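Peer 1: Give me a 3D structure for the following:
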Amino acid sequence: MTLALVVALLLFLLATGLPVAFSLGIAGSVGLMMFGGPDLLVGILSTAPGSAVGSYEFMTIPMFLLMAQFMVASRISETLFSSIATWTGRLPGGLGVATALTGAAFGAISGSSTAAAATLSKSSIPAMMAQGYERRFASGIVSISGTLAMLIPPSVAIIFYGLLSGASVAKLLVAGIIPGLLVVLVIVFTIWLLIWRRPSLAGQATTYTWAQKFASLKVAGPFCALFLLVTGLIYLGIATPVESSAIGALGALVFTVLAGKMTRTVFLQAVARTCATSAMIALIVICAQIFGFFITATGTTQSLVEAVDAAGLSPYTVLAFLVVLYLVLGCFLDQLSILILTIPIALPLVVKLGFDPIWFGILVILLAEVGMVTPPVGLNVFIVSKSANMPVGEVFHGVLPHVVAHVALIALMIVFPQIILWLPSTMGGGT
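Peer 2: Residues are numbered from 1 along each chain as shown. Got it, this is the predicted structure:
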């Protein structure tokens, strides 16, 4: 009865438009009060904030956010697309391919899907339209390419999942590499398939001289070096994710200074934005933990596991239900909200069924990617629509083939989980 009332309260608070963090905190507090009285509630409220954000791994988030702020300040995002386009210009749909690669590259410095979509909209869509691309086609490429920021390390969503689940953040970040590369390839092959069926979707290919190509490396080279340094240190076990993120932030600072873009104002703004975003994420983690304590105290997860066992459902039947659930939730909620609402309940069930939590985490991120571009609340689609001054329906139409391709890739990773788990299993340092 208590659980039903608390869930009803949570849904009511969400329906009123209250932020998910506050909704979870209030509902969890009411539930703890009803279940254990004021002593239990005061005990949880006095310890939850410290235990939630006092972990060593939490420092990964502000460091990677600071790295992203410095890289954005360096203005590299404004030239990265044109730099990559010089190498892909001769390929079919070369600017579309460059957009996908730029989405992956931008994801490696920002970790924000919406920021990636907004940036790509300003650089990629005008370039593709000028070269004769059909605008639905162009907007669909930008919308789906923006989602790569959720998967390519350093992904805030992946780190957030690690904090909620207790899984190794290092293994999760490394586990996102191969799926991220596969998503890029799927986007590229979808572009080529669509162009093969309708050549009029894309304009004529553009060729560049070798001198122009090598000149472009002046922009992409330092960026690639920083990404390989940060990810490589984690993979080899030389540095923890926190240490690696600090090195990344320092490297981004040096890069911005050498680019001549660092001023006192830029530095202070980058630090202020990092602090504000980190505080927001910290509040989400704290409120999620409060609600998680309530779920644990009531034995909800254990009851759910026992009910599944009693029903005799196969693990893959339950997994199929969860996949559909995440796809539906992705149509209405952002990725962090989905994680904090579902992971405390779904993860213990998934582990009990014999699935790996690292694999499940990457799968959930992939499903959240699809949610960023599906109606009625595909955030990336609305951002691209506003930036490109296009009807939302046209952007949804343009991104539909990519959604189908993404779902097929997710199915492949369910059938072959080693696609996700192989690279983390080879990590050095016993991480």
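
Peer 1: What's the mean pLDDT across stretch 243-255?
Peer 2: Stretch 243-255 shows a mean pLDDT of 89.

Peer 1: mind saving the C-alpha coords of it as CSV?
Peer 2: The C-alpha atoms that make up stretch 243-255 are tabulated as CSV, following Å, rounded to 0.1, in the frame of the first residue of the first chain:
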residue,chain,number,x,y,z
GLU,A,243,43.0,11.0,-12.8
SER,A,244,42.4,10.7,-16.5
SER,A,245,39.6,13.3,-16.4
ALA,A,246,41.9,15.7,-14.5
ILE,A,247,44.7,15.2,-17.1
GLY,A,248,42.1,15.8,-19.9
ALA,A,249,40.9,19.1,-18.3
LEU,A,250,44.6,20.2,-18.0
GLY,A,251,45.2,19.2,-21.6
ALA,A,252,42.2,21.1,-22.8
LEU,A,253,43.3,24.2,-20.8
VAL,A,254,46.7,24.0,-22.4
PHE,A,255,45.2,23.6,-25.9
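
Peer 1: Enumerate the positions of that stretch that are buried.
Peer 2: Ser244, Ser245, Ala246, Ile247, Gly248, Ala249, Gly251, Ala252, Leu253, Phe255 (16 or more other Cβ atoms under 10 Å). C-betas here are computed from N, CA, C, even on glycine.

Peer 1: Am I right that the third one is in contact with Ile61?
Peer 2: No: Ala246 sits out of contact with Ile61 when judged by Cβ atoms under 8 Å, with a separation of 12.0 Å.

Peer 1: Can you give the distance from stretch 85-101 to the centre of its chain?
Peer 2: Per Cα atoms, centre = their mean, to the nearest Å, the displacement of stretch 85-101 from the mean C-alpha position of its chain is 23 Å.

Peer 1: Give me the contact list for that stretch.
Peer 2: With contact meaning Cβ atoms under 8 Å, 6 or more residues apart in numbering, stretch 85-101 is reached by 81, 84, 120, 124, 127-128, 131, 133, 137-138, 141-142, 144-145, 148, 184, 187-188, 191-192, 195-196, 201-203, 205-208, 212-213, 216.

Peer 1: And that stretch, end to end?
Peer 2: Start and end residues of stretch 85-101 are separated by 9 Å (Cα to Cα, to the nearest Å).

Peer 1: Identify the residues contacting Arg136.
Peer 2: Contacts for Arg136 (Cβ under 8 Å, 6+ apart) come out as Glu394, Val395, His397, Gly398.

Peer 1: Can you flag the buried ones in the residues you listed?
Peer 2: The neighbour-count test (16+ other Cβ under 10 Å) applied to these identifies Glu394, Val395, Gly398 as buried.

Peer 1: so the second one sits right up against Ser387, yeah?
Peer 2: No: the criterion here is Cβ under 8 Å, and Val395 misses it with Ser387 at 10.1 Å.

Peer 1: And the helices in the stretch 1-150 of the chain, which stretches?
Peer 2: For the stretch 1-150 of the chain, the helices identified by DSSP state H, counting those that start in this stretch occupy 2-15, 20-53, 60-73, 76-88, 94-110, 113-130, 135-146, in order along the chain.

Peer 1: List the buried residues in the shortest one.
Peer 2: Same thing as helix 135-146. Buried positions in helix 135-146, judged by neighbour count with 16+ other Cβ under 10 Å: Arg136, Phe137, Ala138, Ser139, Gly140, Ile141, Val142, Ser143, Ile144, Ser145, Gly146.

Peer 1: quick revisit: rebuild the buried ones among the contacts of Arg136 as JSON lines, extending it with secondary structure, distance to Ser278 and pLDDT.
Peer 2: Formatted as JSON lines, the entries for these read as follows, by DSSP: H, G, I helix; E, B strand; the rest coil; distance: Cβ to Cβ, whole Å; pLDDT from 0 to 100:
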{"residue": "Glu394", "secondary structure": "helix", "distance to Ser278": "37", "pLDDT": "87"}
{"residue": "Val395", "secondary structure": "helix", "distance to Ser278": "31", "pLDDT": "87"}
{"residue": "Gly398", "secondary structure": "helix", "distance to Ser278": "35", "pLDDT": "88"}
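
Peer 1: can I get those in JSON lines with distance to Leu379?
Peer 2: Listed next are these as JSON lines, based on distance: Cβ to Cβ, whole Å:
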{"residue": "Glu394", "distance to Leu379": "17"}
{"residue": "Val395", "distance to Leu379": "12"}
{"residue": "Gly398", "distance to Leu379": "16"}
